[in-house]
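# Sharing a model that was predicted from the sequence below.
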Amino acid sequence: MNKNEFIAAVCEQETVRKLELPKSAVAVIMDACLQTIEDTLKKGDEVRLVGFGHFYVAKREESKGRNPRTGEEITIKASSQPKFRAGKQLRENVGE
């Protein structure tokens with residue numbers, strides 16, 4: 001499902017249909033939600049959505065590795081990556 005299909009699916013939800021929001025408004029709200037999650041992660045904070053899951057930043061320390069072509073030892077830089085962990089309710093609902 002791509003972004004446009006997702007927005008259309010959100011618009012089909014009964015609670016959204018009752019509000020009679022146009023797709024463009026739903027798209028703006030979705031973009032604002034995603035931007036808020038991104039901004040929060042950039043600050044190093046977590047976003048916890050009870051029952052759904054939480055977004056957080058995992059930090060990887062610098063490590064040693066090998067170039068598979070040459071066998072030469074290289075240093076892999078430290079990095080931070082966004083992660084998502086599904087909540088209990090989401091896991092249970094998807095696992096049905």
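Perfect, I can see it now.

# And for the closest residue to Val16 other than its chain neighbours, the neighbour number?
Nearest residue to Val16, sequence neighbours excluded (Cβ to Cβ, 6 or more residues apart in numbering): Val10, at 5.9 Å. Glycine gets a C-beta too; all of them are placed from N, C-alpha and C. Burial of Val10 is recorded as 16 neighbouring residues (other Cβ atoms under 10 Å).

# Val10: what's it in contact with?
Contacts of Val10 were listed using Cβ atoms under 8 Å, 6 or more residues apart in numbering, and they are Val16, Val26, Met30.

# Could you tell me the end-to-end distance of stretch 66-86?
33 Å (Cα to Cα, to the nearest Å).

# Report the rounded mean pLDDT for that stretch.
For stretch 66-86, mean pLDDT is 93.

# Check the offset of that stretch from the chain's centre.
21 Å (Cα atoms, centre = their mean, to the nearest Å).

# and what of stretch 37-49?
Chain-centre distance of stretch 37-49: 10 Å, with Cα atoms, centre = their mean.

# Contacts only, for Ile7.
Neighbouring residues of Ile7 by Cβ under 8 Å, 6+ apart: Lys23, Val26, Ala27, Met30.
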